[in-house]
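> coords please:
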Amino acid sequence: MPAECTVKRPSPAPPPANGHASASDRQPAPGPPPLPNPSTGSANPSASLHALWGYLHPALDHIVRAPTNNPSKAPAIDVSYHMGVHTAVYNYFTAQSDSSPAPTGLAGFPARFSIQNDKGKASGADLYEQLDRYYADVAREIFLGAPADDSSLIHYLVPCFNRYSAGTQSVSRLLNYVNRHYVKRAIDEDRGWLRLADVLDAVARTIREDDTREKVQKRLRERRTEELKKWGYREGDPPARVAQIESYAEAASAPDRVVSLTAVAYRQFRIEVIEPLLAAPKLKASKGGKKKRPPPTNSEKPPLPRGRLARAVKELLESKGGDEEETRRLAGELAIALRTVGIKVDHPLRKKLDKYIPPEQR
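Numbering: from 1, shown residues only. Predicted coordinates for the structure are as follows:
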């Protein structure tokens with residue numbers, strides 16, 4: 001996949017004799033053909049996780065990793081393959097559900113606040129964890145393929161993220177049953193990005209002895225709203241906007257939190273790609289055991305070491321003589337990527353780059 005992050009567009013054809021390009025000349029180069037449904041013979045792809053993953057894996061690699069001329073659109077799979085995946089996942093989950101233990105509810109709270117029985121995992125947990133590992137591997141490939149030169153890092157990273165994002169969104173639609181069956185259930189069981197324990201202390205301080213269950217639930221909802229405001233939520237935002245903001249919070253969550261499949265992918269991109277690039281290099285220790293700092297400049301305080309991404313952003317924004325429109329586009333798309341993968345609003349790079357996001361995407 002890394003080789004395809006920097007998309008190579010075909011060389012422009014020479015202009016026609018009449019000086020006017022035809023409709024066919026203006027069409028983008030076609031992507032790879034849909035991946036056909038692999039033959040499974042008499043094997044049942046829903047018989048085990050190993051069999052199911054063997055059936056799914058070619059589709060995932062085609063959607064997420066296959067070369068494409070358009071990084072914002074994932075390659076497709078054949079309709080029969082799409083239906084086969086849906087059927088195999090459904091059958092696999094159904095077979096597991098028969099032996100899956102029911103959650104134990106917490107007295108006094110709605111059904112979403114419950115405890116999963118430790119004797120067994122909910123159906124679909126193994127497939128969800130396998131997908132999590134898959135996205136970690138893909139993201140790690142992207143990080144390892146990054147150029148050593150800071151000046152070309154953002155030119156590599158932006159199309160990489162766009163390609164990765166398009167693929168993960170397509171996979172999420174393909175495996176929507178995982179979201180509907182496993183992720184939704186996990187959130188109802190208080191295993192999502194925001195858990196009862198995260199807000200209980202703050203809510204408990206405002207609860208009175210004579211408060212009804214409805215008042216407690218209202219305070220829990222208010223606390224959730226406060227958390228979403230940290231990601232840009234405003235009172236009166238439409239449901240689609242609220243869902244988008246919550247996806248940022250999901251991507252920022254710890255790896256043990258169950259979130260939607262797209263948020264799983266974005267979270268792994270943050271962990272495996274963005275955070276290592278944001279990390280400042282460690283100062284080398286001198287012979288006496290003290291860490292060496294860079295020599296001071298004319299300013300009073302010596303400059304602190306920057307992470308690779310911070311250096312690349314500085315070089316991008318301060319470079320002279322380049323295409324200003326292209327610079328603004330790259331800065332805006334990088335800002336969107338940082339927001340999407342769960343980098344918080346108050347991070348210095350977010351503060352520097354967010355102003356380049358087009359108004360309609362803020």
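> Just the CA trace of stretch 185-193, in PDB.
C-alpha atoms of stretch 185-193 as PDB (Å, rounded to 0.1, in the frame of the first residue of the first chain):
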ATOM      1  CA  ARG A 185     -24.400  -4.400  21.900                       C
ATOM      2  CA  ALA A 186     -21.000  -3.600  23.400                       C
ATOM      3  CA  ILE A 187     -22.000   0.100  23.800                       C
ATOM      4  CA  ASP A 188     -25.300  -1.000  25.400                       C
ATOM      5  CA  GLU A 189     -23.200  -3.000  27.800                       C
ATOM      6  CA  ASP A 190     -21.200   0.100  28.800                       C
ATOM      7  CA  ARG A 191     -18.000  -0.900  26.800                       C
ATOM      8  CA  GLY A 192     -18.000   2.000  24.400                       C
ATOM      9  CA  TRP A 193     -15.800   5.100  24.200                       C
END
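> Need the mean per-residue confidence for it.
Taken as a whole, stretch 185-193 has a mean pLDDT of 92.
> Of all the residues in that stretch, which ones are buried?
185-187, 189-193 (16 or more other Cβ atoms under 10 Å). Backbone N, C-alpha and C define where each C-beta goes, glycine included.
> Also stretch 62-81?
If you call a residue buried by 16+ other Cβ under 10 Å, then stretch 62-81 has these buried ones: 62-66, 68, 70-71, 74-77, 81.
> Stretch 349-362: how far from the chain's middle?
Mean C-alpha position of stretch 349-362 versus that of the full chain (Cα atoms, centre = their mean, to the nearest Å) differs by 18 Å.
> Can you get me the start-to-end distance on it?
Counting by Cα to Cα, to the nearest Å, the length from the leading to the trailing residue of stretch 349-362 is 16 Å.
> Please apply the same query to stretch 307-327.
The separation between the terminal residues of stretch 307-327, taken as Cα to Cα, is 20 Å.
> what about the stretch 151-300 of the chain, any weak spots by pLDDT?
Along the stretch 151-300 of the chain, the model assigns pLDDT under 70 to residues 204, 207-211, 283-300.
> hey, where'd the helices end up in it?
Secondary structure of the stretch 151-300 of the chain (DSSP state H, counting those that start in this stretch): helices at 153-174, 176-178, 184-188, 196-204, 213-229, 239-251, 261-269, 275-278.
> How is Asp137 assigned, secondary-structure-wise?
Classification of Asp137 using DSSP: H, G, I helix; E, B strand; the rest coil returns helix.
> Next, count neighbours for it.
Here the count is done by other Cβ atoms under 10 Å, and Asp137 has 10 residues near it.
> same thing with Lys320?
4.
> did I read that right, it in a strand?
No - when the secondary structure is assigned by three-state DSSP, Lys320 falls in coil instead of a strand.
> residues touching the residue nearest to the spatial centre of the chain, list them.
By Cα atoms, centre = their mean, the mean C-alpha position of the chain lies nearest to Tyr266, the distance being 1.2 Å. With contacts taken as Cβ atoms under 8 Å, 6 or more residues apart in numbering, Tyr266 has the following neighbours: 165, 168, 247, 250-251, 340-342.
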